[in-house]
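Engineer: sequence? don't have it. structure:
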Ligand SMILES: NC(=O)CC[C@H](N)C(=O)O
């Protein structure tokens, strides 16, 4: 079968971009977002938090190092569609097993290569993330395509964690001597996260997204971890309820990204949708206690609303905003002051890097060590 020569990207506000098919042919719908990472396209594609999103890469050349079998963050590509400016014609890396185009086709991921990725990104920055569709081959009239995009589901209100979570619990063994047992709620966990904990002597019990507090506590964890994940945190009441049970049992808690939003909601804080979100590997985040700035990896479209002015009261004692994003003052971390729990909106596990924030896993281990030493922490 010959390959179609044309493809279009259609936004819900009627803007249309023309290009050529990249990856599988057909059509796809999702929330249109952009990622500014210059590296790590395999990690991006396989991050379950991108479920139901069409991702545009601002880096102009994608696919240069092909696809290897070591870097994926999960067992499949999760993005709903992929937008690049110019695909690599000749992938080159000693680790490459196949080209990215081949991989996208093998996994049925519809994409488009188009000159307008910069114009698209500027449009999204002005108008905000919105629904979109990619259509390859001879296309129907634009009005018809826009109507179809407008009838696809929105990201606000989407409950997606259970669609990407593990159906069954599994255990990632500690590397070397086991120091801690961690129960990790898989809301869309990336493979690097349990790995980062295992490296520090944690035996990680990865549990399905809808596990109850009883199921989490049945692992008898020294600490509970809440992962990243797709969708709107306002829809994930089951995770907030499970966490509430965990907090009542006074186990140490650490959350990343979606996990930060779930901890926020369990503390009674609202979450809201950002205009176009943060997705990339170069976001400056400041630790408000030390003033230190980490360059960090991000992938979030929602954020927690919390007072930046100082500590505030929660049902678990005082809490504070521990980190802020220096680009837009968005809340990037929460810390409880009277209970061993904290969370960040960004990604200390980032496999493609940067690794500035990797020490947060040591902080979690220190919290677990402190709680175990005190003994009385647990209910
Ligand atoms: N990477 C994540 O955990 C994303 C969390 C949430 N889905 C958001 O977009 O904000």
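Structural biologist: Received it, and whenever you're ready, just let me know what you need. What you are looking at is a predicted structure, and each value in this text was computed from that prediction instead of being measured. Numbers count the residues shown, from 1 in each chain.

Engineer: Next up, identify which helix or strand residue 251 is on.
Structural biologist: Under DSSP states H and E, no helix or strand contains residue 251.

Engineer: Grab the nearest non-local neighbour of it.
Structural biologist: residue 224 (5.2 Å; Cβ to Cβ, 6 or more residues apart in numbering). (Glycine included, C-beta is placed from N, CA and C.)

Engineer: wait, doesn't that neighbour sit right on residue 213?
Structural biologist: No. Contact criterion Cβ atoms under 8 Å: residue 224 and residue 213 do not qualify, at 9.3 Å.

Engineer: Who has more neighbours out of the two?
Structural biologist: Using other Cβ atoms under 10 Å, the more surrounded residue of residue 224 and residue 213 is residue 224, with 29 against 18.

Engineer: And the more buried one, how close does it get to residue 255?
Structural biologist: 9 Å (Cβ to Cβ, to the nearest Å).

Engineer: first vs last residue of stretch 199-215, how far apart are they?
Structural biologist: Stretch 199-215 has an end-to-end distance of 25 Å (criterion: Cα to Cα, to the nearest Å).

Engineer: go on, stretch 338-346?
Structural biologist: Start-to-end, stretch 338-346 (Cα to Cα) is 23 Å.

Engineer: List the buried residues of that stretch.
Structural biologist: By 16 or more other Cβ atoms under 10 Å, the buried positions in stretch 338-346 come out as 339, 340, 341, 342, 343, 344, 345, 346.

Engineer: Okay, and which of these map to strands?
Structural biologist: 341, 342, 343, 344 (DSSP state E).

Engineer: which of those come close to the ligand?
Structural biologist: Subset of these in contact with the ligand: empty, counting by Cβ under 6 Å from any ligand atom.

Engineer: what residues does the helix or strand harbouring residue 111 touch?
Structural biologist: Assigned by DSSP H and E, residue 111 belongs to strand 110-113. Residues from elsewhere that reach strand 110-113 (Cβ atoms under 8 Å, 6 or more residues apart in numbering): 7-9, 17, 19-28, 81-87, 104, 134, 136.

Engineer: Apply the buried test to these and list what passes.
Structural biologist: Applying 16+ other Cβ under 10 Å to the contacts of strand 110-113 flags 7-9, 17, 19, 21-25, 27-28, 81-85, 87, 104, 134, 136 as buried.

Engineer: can you count the residues close to residue 38?
Structural biologist: Residue 38: 14 neighbours (other Cβ under 10 Å).

Engineer: How about the contacts made by it?
Structural biologist: Residue 38 neighbours (Cβ under 8 Å, 6+ apart): 59, 281.

Engineer: before we move on, what about residue 330?
Structural biologist: With Cβ under 8 Å, 6+ apart, residue 330 has these contacts: 274, 278, 303, 324, 345.

Engineer: quick one, phi psi at it?
Structural biologist: phi -70, psi 150 (degrees, to the nearest 10).

Engineer: Look up the pLDDT of it for me, please.
Structural biologist: Residue 330 carries a pLDDT value of 98.

Engineer: What of residue 377?
Structural biologist: For residue 377, pLDDT reads 50.

Engineer: Same question for residue 178.
Structural biologist: So, for residue 178, pLDDT stands at 98.

Engineer: Same check on residue 327?
Structural biologist: 97.

Engineer: Just want to check the distance between it and residue 293.
Structural biologist: 11 Å.

Engineer: Equivalent analysis for residue 170, please.
Structural biologist: Taken as Cβ to Cβ, the span from residue 170 to residue 293 is 36 Å.

Engineer: Which positions in this protein make contact with the ligand?
Structural biologist: Checking the chain against the ligand by Cβ under 6 Å from any ligand atom, the hits are 49, 228, 229, 230, 231, 257, 258, 299, 300, 301, 302.

Engineer: Could you list the residues in contact with the helix or strand bottoming out on mean pLDDT in the chain?
Structural biologist: Within the chain, no helix or strand scores below helix 360-374, which has a mean of 91 by mean pLDDT, DSSP states H and E. For helix 360-374, the surrounding residues in contact (Cβ under 8 Å, 6+ apart) are 179-180, 182, 196-197, 199-202, 222-223, 225, 250-252, 254, 340-342, 344, 348-349, 377-378.

Engineer: any chance of the buried residues of stretch 338-346 in a markdown table, plus pLDDT and distance to residue 126?
Structural biologist: Output for the buried residues of stretch 338-346, formatted as a markdown table (pLDDT from 0 to 100; distance: Cβ to Cβ, whole Å):
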| residue | pLDDT | distance to residue 126 |
| --- | --- | --- |
| 339 | 97 | 41 |
| 340 | 97 | 42 |
| 341 | 98 | 38 |
| 342 | 98 | 35 |
| 343 | 98 | 31 |
| 344 | 98 | 28 |
| 345 | 98 | 23 |
| 346 | 98 | 24 |
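
Engineer: correct me, but residue 180 touches residue 224?
Structural biologist: No. Counting by Cβ under 8 Å, residue 180 stays clear of residue 224, with 11.1 Å between them.

Engineer: any idea how the chain splits into domains?
Structural biologist: 7-150, 161-374 (automatic domain parsing).

Engineer: so where is this protein shaky, pLDDT-wise?
Structural biologist: Along the chain, the model assigns pLDDT under 70 to residues 1, 374-379.
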